[in-house]
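Trainee: Task: produce atomic coordinates for the following.
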Amino acid sequence: MAKFLKWTLIPAVFLFALPLQGQQKDINGYFPSWKWQKNRERLDHRLIPYQKLTIVTYAFFYPLESGEIVGMDPVADSYLLKGEMDSLSGNLKPNSSMVALAHRHGAKMVLSIGGWENSNKFPQVAADPLKRANFAQSCIRQITDYGFDGIDVDWEFPGYVRHKGTPEDKQNFTLLLQTVRDSLQALGKRTGKYYLLSASLPAAASHLPDIEVQKITAILDRLNLMTYDLFGPWGKLSNHNSALFGPAQGDSARCVDGAFKLYHNEHQVPAEKINLGVAFYGHAYANCTQIYTEHGGADTKLFPADDGIPYALIAERLDRFKRLWDNKAQAPYLVSESQRILVSFDDEESVGRKADYVKEKNAAGLIVWTLQGDRLKDGRTPLLDAIYGRFIAR
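Mentor: Just a heads-up that it's a prediction; the model follows:
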């Protein structure tokens, strides 16, 4: 807490990132860089509505055994972060990178490191002081090279055995974040800027015994709670991907409200440091026509292999379904009796209610996974617009 109080003494011109400044809510959209080459049209960075965002988070870079961090797709990183090449001059077009476009519209650009597929090197990096230092300095190099405004550490998750987690991760995660914070502060003294530090954190209480929540809260600007994939086709019963309130079946704490109360009420995290997650995607259950019932796994008949179906794709097929509303969970879902498919998803009403919840609880804002999930063929972004309208227009 002493460190936090010290940070508040920084001159006001550099305080844009601190959680007590004004009433503006975070709208933080994650951009999946590794998918860019296979879907350049949908992931065209020039079409991002930066003016409706406060932060764009570029996902992912990941750590090597040495602690150095590298991008998942060097080709995408070069094009998206350095900018387009002018075919006539052979030079980079000025202000064509994602960072430049974000800054032009008043948004910050943050680099996210890790992710579900690339978290198994974190335990050994965090356990070694030299590797922690390498990690932090590599973060600084990316900021210097590309112009990022901060770092998001997405370690999924400290202590998680399937990702080579160890009991020592609990303290080492704190040490890793503190090392990054110290390096960001040192850079800030040289540049006169304040650099954001956030962590993407689990929504489930079962992971928190392996995290020193109060200690990392004092280090971080934002705790980004991943309140999605709370249930899915991997479970026995159909259920909601990202319900606002507890579902009628299953763990009632696996919802947005449950995650907020877990961190804020039980672990005393200030509400103004908490960002809650919204899913711009859904999950489809095969051989299923009722919520909270057994099913046949992920549907692949109407939708592609299910690692998250973008809202835009669901929207194209709405006329094949009946929309239903779970009043207890405050979540919509779709049912096709003829196809025997149930879809758990978020729509304009449900994300709007989540935005209202953020305002009611005085939370920091919302993180969006992923940014282009709701971009329709006509260019509209209905889910983002619903959030933006709640935060800006009211």
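Trainee: in which helix or strand would I find the residue lying closest to residue 147 once chain neighbours are set aside?
Mentor: Nearest non-adjacent residue to residue 147, counting by Cβ to Cβ, 6 or more residues apart in numbering: residue 99, 4.4 Å away. Yep, even glycine has a C-beta here, placed from its N, CA and C like the rest. Following DSSP states H and E, one finds residue 99 within helix 98-104.
Trainee: cool, and residue 112?
Mentor: If you go by DSSP H and E, residue 112 is part of strand 108-114.
Trainee: one step back: by neighbour count, which bits of the helix holding residue 99 are buried? Give me those.
Mentor: 98-103 (16 or more other Cβ atoms under 10 Å).
Trainee: Also stretch 188-201?
Mentor: 193-201.
Trainee: Endpoints of it, how far apart?
Mentor: 25 Å (Cα to Cα, to the nearest Å).
Trainee: Residues contacting that stretch, please?
Mentor: 10, 14-18, 55, 108, 110, 112, 114, 143, 149-156, 177, 180-181, 184-185, 187, 211, 216, 219-226, 263, 275, 367 (Cβ atoms under 8 Å, 6 or more residues apart in numbering).
Trainee: ok, now stretch 293-302?
Mentor: Residues contacting stretch 293-302 (Cβ under 8 Å, 6+ apart): 232-233, 236-238, 283-288, 305-306, 317, 320, 336, 339, 341-342.
Trainee: From the opening residue of it to its closing one, how far?
Mentor: 20 Å.
Trainee: how near is residue 299 to residue 133?
Mentor: 47 Å (Cβ to Cβ, to the nearest Å).
Trainee: out of those two, which sits in the busier spot?
Mentor: Shown here are residue 299 and residue 133; by other Cβ atoms under 10 Å, residue 299 has more neighbours (25 against 15).
Trainee: gap between stretch 69-86 and the chain center?
Mentor: Its chain's average C-alpha position is 20 Å from that of stretch 69-86, according to Cα atoms, centre = their mean, to the nearest Å.
Trainee: tell me which residues in that stretch are buried?
Mentor: Buried residues in stretch 69-86 (16+ other Cβ under 10 Å): 69, 71-73, 76-77, 79-83.
Trainee: Same check on stretch 342-355?
Mentor: Those would be 342-348, 350-355, for stretch 342-355 by 16+ other Cβ under 10 Å.
Trainee: Dump these to TSV, plus distance to residue 30.
Mentor: Converted to TSV, those look like this (distance: Cβ to Cβ, whole Å):
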residue	distance to residue 30
342	26
343	22
344	20
345	18
346	15
347	19
348	20
350	19
351	15
352	20
353	21
354	16
355	17
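Trainee: just so I have it, where are all the helices in the stretch 51-200 of the chain?
Mentor: Assigned by DSSP state H, counting those that start in this stretch, the helices in the stretch 51-200 of the chain fall at 74-77, 98-104, 122-127, 129-146, 169-191.
Trainee: Verify the stated contact: residue 387 with residue 351.
Mentor: Yes - with contact defined as Cβ atoms under 8 Å, residue 387 counts as touching residue 351 (5.6 Å).
Trainee: Report the set of residues contacting both of those two.
Mentor: residue 278.
Trainee: Was I right to think residue 56 contacts residue 109?
Mentor: Yes - between residue 56 and residue 109 there is a contact under Cβ under 8 Å: 5.3 Å.
Trainee: Overlap of the contact sets of those two?
Mentor: Joint contacts of residue 56 and residue 109 (Cβ under 8 Å, 6+ apart) are 98, 102.
Trainee: re the thing from before, packed most tightly, which of the helices of the stretch 51-200 of the chain would that be?
Mentor: Greatest average neighbour count among the helices of the stretch 51-200 of the chain goes to helix 122-127 (a mean of 22), per mean count of other Cβ atoms under 10 Å.
Trainee: roughly how far is it from the heart of the chain?
Mentor: 22 Å.
Trainee: can you list contacts of it?
Mentor: Here helix 122-127 has contacts from 63, 65, 67, 114, 131-132, 134-135, 155, 158, 163-166, 168-169, 172-173, 175-176, using Cβ under 8 Å, 6+ apart.
Trainee: Show me the shaky parts of the chain.
Mentor: Applying pLDDT under 70 to the chain flags the ranges 1-23, 86-90, 305-306, 393-394.
Trainee: I'd like the distance between the nearest residue to residue 158 once chain neighbours are set aside and residue 160.
Mentor: Nearest residue to residue 158, sequence neighbours excluded (Cβ to Cβ, 6+ apart): residue 169, at 3.7 Å. For residue 169, the distance to residue 160 (Cβ to Cβ) stands at 8 Å.
Trainee: Return the distance of the residue nearest to residue 237 when sequence neighbours are not counted relative to residue 307.
Mentor: Spatial nearest neighbour of residue 237, excluding adjacent residues (Cβ to Cβ, 6+ apart): residue 292 at 5.5 Å. To residue 307, residue 292 is 23 Å away according to Cβ to Cβ.
Trainee: mind listing the helices in the stretch 201-350 of the chain by residue range?
Mentor: Under DSSP H, counting those that start in this stretch, the stretch 201-350 of the chain gives helices at 213-219, 256-261, 311-316, 348-361.
Trainee: What strands flank whatever helix or strand comes next after the longest one, and is each parallel or antiparallel?
Mentor: Next in sequence after helix 348-361, counting helices and strands by DSSP H and E, comes strand 365-369. Using DSSP bridges, strand 365-369 pairs in its sheet with strand 26-32 (parallel), strand 274-279 (parallel).
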